[in-house]
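*Asks:* build me a model:
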Amino acid sequence: MDVRAPRWIDAAIAAGLMVVSIAWTLQITDVPIETYRLMDPLGWTLMAALVVPLIWRQSYPRAVMWVTFALWLVVAGLGYEPTPAMLGLVLAVYTVASSTPRATTLKHCVILLAIMLAWTGVGVVTLDSVVGYALLMEPLGIAIPLLLGMNDRRLRERVSELEVAHARREQAGYEIAADAVRAERARIARELHDVVAHEITVMTLQAEGARRRARDASPELTDTLATISASGRKGLEEMQRMIRVLRASEQEAAERAGVDRALAGGRDADRAPARDELAPMPSLAALPSLARHVREAGFPVTLDVSGSAHVPAGVEVSAYRIIQEALTNAMKHAGPGASAKVIVNRTADAVHISVEDDGRGVGTEGARVSGGHGLAGMAERVHALGGALSHGPRRGGGFEVHAVLPSGDDQVKEATQAEGNEDR
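*Replies:* Model (predicted):
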């Protein structure tokens, strides 16, 4: 992080210091001649030379410090009146301390102070002047800007570290969200495969059975049924190959999400335990078991399931996962003493889901969203089915999730129509 001021600011500082030095010198009228040397063209030149290098103090801090120090030695050695221009050395020392590593700063400043004290000591001894107090003031004049500069450098480094850490956490958050979405999509694809594979299996078995029963019928019908059966088997083989890829993608995305959460130092790492890959696909019939597990974990929950309409297997899986994620979020964020209510209503054309908690832990939608990526997974499922999802703080406290999953399924209607046609 570059925190150096623009060059024009350094030029303005140098100009201001020069103006103050000129005003200081012009106002001196009662200085004994035998104490300090009167200002002459050389003195004015040295005064300007002490100030002008400060314009480049941030570009060449050590060079400016040594040039300013050399000019300071000349001014002090020639006996000119000390002016504010000599504060340029203090500013140069501060710049070195605030812009260079500590070891380099200490090395240069120790050498500078040793030369300064030696020079002053020689002047005190040889000139027998009354400037012995300078042996005490000069170390303080170097130590103060040195400590200030080193402290400012440490603070800037700390700010830079915090900015980098924040950027890394932000990037890790993006990666977590992306990996969570990828894992959810892979899992949805795998579950979709299971549903479609089941239907293809039924279709293939039905075609094979029909072919055997129609063995003495038309050869064209037998060949057609054989083709359907063969196509079904081939499709199953292709889907079995694909499922291995999908499961590998799901596992990889889940592992990456876990690693990213650990690197980000977030609390997402303590999400729900990994689900058993060999377990059967969840359905609405498994909701009582899910509610019982949540209660056993210490979180009261009531379950109300109504309606008897047929629900496709894919919609049942998504409905179960949405309720599971909503209850997981409630357990994590609702706080102590909270409870949840789950309402599921199956109609002829949709499954309506409502999960509400009365917690007081995290009451804002933003806080719940930032705490994890369960809501993102819910949205992926709902959008994949063409449904609607809403969530947010609940009136009176707590949080609520509402989802509508279209389940228009004409299997029962078609079967009824087919039976009616056969009866005719």
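*Asks:* quick one: low-confidence ranges for the stretch 151-300 of the chain?
*Replies:* Flagging of the stretch 151-300 of the chain using pLDDT under 70 yields the residue ranges 190, 192-195, 197-199, 202, 239-281.
*Asks:* residue 96 against residue 102, yeah?
*Replies:* No - Residue 96 lies out of contact with residue 102 (Cβ atoms under 8 Å); the separation is 10.9 Å. For every residue, glycine as well, the C-beta is placed using N, CA and C.
*Asks:* those two - which one has more neighbours?
*Replies:* Of the pair residue 96 and residue 102, residue 96 is the one with more neighbours under other Cβ atoms under 10 Å, namely 25 against 11.
*Asks:* with residue 84 as the reference, measure out to the nearest residue to the more buried one once chain neighbours are set aside.
*Replies:* Using Cβ to Cβ, 6 or more residues apart in numbering and skipping residues adjacent in sequence, the residue nearest residue 96 is residue 61, 4.6 Å away. Residue 61 is 21 Å from residue 84, where distance means Cβ to Cβ, to the nearest Å.
*Asks:* quick one, which of the two is more surrounded?
*Replies:* Counted by other Cβ under 10 Å, residue 61 and residue 84 do not tie: residue 61 has more neighbours, with 23 against 19.
*Asks:* could you pull out the helices for this protein?
*Replies:* Along the chain, counting by DSSP state H, helices occupy 7-27, 41-51, 61-78, 87-99, 102-127, 134-213, 219-264, 287-296, 313-333, 365-371, 374-384, 411-423.
*Asks:* what number of residues lie near residue 137?
*Replies:* 11.
*Asks:* let me know the pLDDT of the spatially closest residue to residue 119 that is not a sequence neighbour.
*Replies:* Distances taken as Cβ to Cβ, 6+ apart put residue 73 closest to residue 119, at 5.9 Å, once the chain neighbours are dropped. The per-residue pLDDT reported for residue 73 equals 85.
*Asks:* quick one: contacts for residue 73?
*Replies:* Neighbouring residues of residue 73 by Cβ atoms under 8 Å, 6 or more residues apart in numbering: 115, 116, 119.
*Asks:* which residues touch the last one?
*Replies:* I take that to be residue 119. Residues near residue 119 by Cβ under 8 Å, 6+ apart: 73, 76, 77.
*Asks:* now swap in residue 286 and tell me
*Replies:* Contact analysis of residue 286 by Cβ under 8 Å, 6+ apart lists residue 320.
*Asks:* now, which of the contacts of residue 119 sits nearest residue 229?
*Replies:* Nearest to residue 229 out of these is residue 73 (Cβ to Cβ; 102.6 Å).
*Asks:* residue 402 pairs with what?
*Replies:* Note on residue 402: beta-bridge partners by DSSP bridges are residue 354, residue 390.
*Asks:* which residues are in contact with it?
*Replies:* 352, 353, 354, 355, 389, 390, 391.
*Asks:* filter these to the buried ones?
*Replies:* Buried members of those, counted by 16 or more other Cβ atoms under 10 Å: 352, 353, 354, 355, 389, 391.
*Asks:* hang on, the residue nearest to residue 96 packs against residue 100?
*Replies:* Yes - between residue 61 and residue 100 there is a contact under Cβ under 8 Å: 6.3 Å.
*Asks:* can I assume residue 94 is in contact with residue 147?
*Replies:* No - with contacts counted by Cβ under 8 Å, residue 94 stays clear of residue 147, the gap being 9.4 Å.
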